[in-house]
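# need a 3D model of the following:
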Amino acid sequence: MSSAAPLWRRAVAEAVGTGLLVTVVIGSGIAASALSPSDIGLQLLENPFATALGLAVLILMLGPVSGAHFNPVVSAVDWWLGRRTGTGLTPRELVAYIPAQVVGAIAG
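Residues are numbered from 1 along each chain as shown. Below is the predicted model of the structure:
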């Protein structure tokens, strides 16, 4: 994936996006527990719904910058599948994205 943004900016976008995604997932679980303390079924509906909405917002915001992978496995698969056709992440981008995503997840 060749993008007009410099690699450092794309890596920062991946770190921020991953951190925010982790925050959304954990925060929506905590909020679901607080909003519906006695209804596990409702909690299991609220958490993924809020997560899906948060992920959609993050993809719309950061997708144009970095591709919005937000997961080292997604980045690795993008690189792996793109090797034959020349699309997807380059090895240099993969080496920048994975540590950024791990740091972002820990910070989130």
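# which regions of the chain lie under the pLDDT threshold?
Along the chain, segments meeting pLDDT under 70 span 1-3.
# what ranges does it have for its helices?
7-35, 40-66, 72-82, 91-107 (DSSP state H).
# and the gap between residue 97 and residue 9?
Using Cβ to Cβ, to the nearest Å, residue 97 is found at 12 Å from residue 9. (Each C-beta comes from the backbone N, C-alpha and C, glycine too.)
# between these two, who's got more neighbours?
Taking other Cβ atoms under 10 Å, residue 97 and residue 9 do not tie; residue 97 has more neighbours (29 against 13).
# ok, that one - contacts?
Contacts here follow Cβ atoms under 8 Å, 6 or more residues apart in numbering; on that basis residue 97 touches 10, 11, 14, 66, 69, 72, 75, 89.
# change it to 6 Å
14, 75 (Cβ atoms under 6 Å, 6 or more residues apart in numbering).
# now swap in residue 23 and tell me
Here residue 23 is in contact with residue 108 (Cβ under 6 Å, 6+ apart).
# now it: how far from residue 42?
Distance of residue 23 to residue 42, given as Cβ to Cβ: 22 Å.
# quick check: phi and psi on the residue most central in space within the chain?
With distances taken as Cα atoms, centre = their mean, the residue of the chain nearest its centroid is residue 70 (2.4 Å). Dihedral pair for residue 70: phi 60, psi 10, per degrees, to the nearest 10.
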